[in-house]
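The amino acid sequence is not available; the structure is as follows:
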């Protein structure tokens with residue numbers, strides 16, 4: 001072999017080796033499994049918006065693609081069932097608030113999942129409150145004026161709720177009983193379609209989470225008239241609480257968290273929890289979530305599990321006292 005040919009071959013091998021070294025990080029990234037975040041409500045609602053904020057930043061922390069997978073319907077039941085059926089490999093998560101995990105098992109005879117047996121809490125990242133909001137075309141400017149208006153009109157009104165047999169439905173029942181009104185809860189398939197009817201003045205009022213209402217409240221398209229719980233919300237300091245209005249039984253505030261299929265390895269759970277903790281500590285993420293009406297705060301998997309259990313116990317009593325029979 002001539003020296004010139006030997007030199008050419010050495011240069012060629014060096015170029016191939018260099019190219020492989022440069023491509024390998026991108027190849028590894030492309031082959032990394034995609035992580036799905038299941039959301040039980042349609043795109044455009046509050047829970048979906050929260051999931052997309054977190055997914056964007058979790059992608060950077062995990063070093064792999066993270067996508068939001070909307071499986072809307074039945075108040076999150078379909079998404080919960082999808083989580084149960086998913087492989088416990090750390091690449092399928094369920095971003096949920098209280099309704100799907102804590103309330104559905106209390107209001108359905110066979111929801112198709114058991115959170116205690118089928119799910120494992122990864123970590124929690126916020127609490128929030130539900131609220132009463134008035135449609136833009138409703139003449140009343142505050143909660144008391146709306147109650148007085150319903151009484152003057154015969155004592156009957158319809159209130160939208162984002163899902164049947166949800167905490168908003170029981171809130172409608174309690175409000176009606178408290179003020180001697182015949183309030184009818186109109187269930188929707190998520191907050192987005194309920195919001196569309198409220199903005200179109202098809203229904204005069206609705207009960208849902210603050211994150212569902214806050215953007216349109218700030219835009220003046222509807223009015224949040226009351227928030228549940230005992231403390232006014234930082235994002236809505238002018239809005240009175242249920243406690244201030246004399247409505248009792250809603251002191252326990254709901255939560256948001258990530259859940260994984262049971263059997264997911266602890267190492268995967270720890271990695272996901274650590275990534276979520278870093279994401280919600282980022283100032284701009286915390287500001288965005290706070291502006292949506294959330295009280296941001298990290299909860300370990302164990303802490304989220306304890307909170308979910310306590311919340312479910314409180315609502316088991318409320319639902320039983322309401323006379324509601326599981327369907």
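Yes, it's here. Computed from a predicted model, the values in this text were never measured in an experiment.

So which other helices or strands are in contact with the one helix or strand residue 313 maps to?
Secondary structure from DSSP states H and E places residue 313 in helix 301-322. On a contact count with 3 or more Cβ pairs under 8 Å, 6 or more residues apart in numbering; DSSP states H and E, helix 301-322 meets helix 98, helix 104-107, strand 119-127, helix 167-179, strand 255-261. From N, CA and C alone the C-beta is placed, and that goes for glycine too.

6 Å instead, please
strand 119-127, helix 167-179 (3 or more Cβ pairs under 6 Å, 6 or more residues apart in numbering; DSSP states H and E).

immediately after the last one, which helix or strand?
Next in sequence after helix 167-179, counting helices and strands by DSSP H and E, comes strand 182-187.

Give me the residues contacting that following strand.
155, 156, 157, 158, 159, 160, 161, 164, 169, 172, 176 (Cβ atoms under 6 Å, 6 or more residues apart in numbering).

what mean pLDDT does the very next helix or strand once past it have?
Going down the chain from strand 182-187, the next helix or strand is helix 191-199, by DSSP H and E. Helix 191-199 carries an average pLDDT of 93.

same deal with stretch 107-122?
Rounded mean pLDDT across stretch 107-122 is 96.

Then stretch 202-210?
Computed over stretch 202-210, the average pLDDT equals 95.

ok, residues contacting that stretch?
46, 128-135, 138, 158-162, 168, 171-172, 191, 194, 197-198, 293.

just the helices and strands packed on helix 301-322: most buried one?
strand 119-127 (a mean of 23; mean count of other Cβ atoms under 10 Å).

Number of residues surrounding residue 193?
Residue 193 is flanked by 17 other residues according to other Cβ atoms under 10 Å.

how much space between it and residue 168?
Using Cβ to Cβ, to the nearest Å, we find residue 193 at a distance of 14 Å from residue 168.

try residue 319
Relative to residue 168, and taking Cβ to Cβ, residue 319 is found at 13 Å.

Quick one: low-confidence residue ranges for the stretch 1-150 of the chain.
Confidence mapping of the stretch 1-150 of the chain against pLDDT under 70 gives the ranges 1-31.

so residue 319 touches residue 106, yeah?
Yes: counting by Cβ atoms under 6 Å, residue 319 does reach residue 106; the two are 5.4 Å apart.

what's around the closest residue to residue 124 other than its chain neighbours, how many residues?
In this structure, residue 124 finds its nearest non-sequential neighbour in residue 299, 3.3 Å apart by Cβ to Cβ, 6 or more residues apart in numbering. Using other Cβ under 10 Å, residue 299 is surrounded by 23 other residues.

partner strands of the one helix or strand residue 299 maps to, parallel or antiparallel?
Residue 299 belongs to strand 295-300 when assigned by DSSP H and E. If you go by DSSP bridges, strand 295-300 pairs up with strand 119-127 (antiparallel).

At the geometric centre of this protein, which residue do we find?
Nearest to the geometric centre of the chain sits residue 47, at 3.7 Å (Cα atoms, centre = their mean).

Now it, what are its backbone angles?
Main-chain torsions, residue 47, degrees, to the nearest 10: phi -60, psi -40.

residues touching it, list them.
Applying Cβ under 6 Å, 6+ apart, the residues contacting residue 47 are 39, 41.

Over to residue 228?
Neighbouring residues of residue 228 by Cβ under 6 Å, 6+ apart: 129, 130, 242, 250.

which of the residues you listed tops the neighbour count?
That'd be residue 130 among the contacts of residue 228, by other Cβ under 10 Å, with 27 neighbours.

The residue nearest to that one when sequence neighbours are not counted and residue 262, how far apart?
In this structure, residue 130 finds its nearest non-sequential neighbour in residue 228, 4.8 Å apart by Cβ to Cβ, 6+ apart. For residue 228, the distance to residue 262 (Cβ to Cβ) stands at 31 Å.

Equivalent analysis for residue 215, please.
36 Å.

now residue 61
Taking Cβ to Cβ, one finds residue 61 at 24 Å from residue 262.

Kindly tell me how buried residue 248 is, as a neighbour count.
10.
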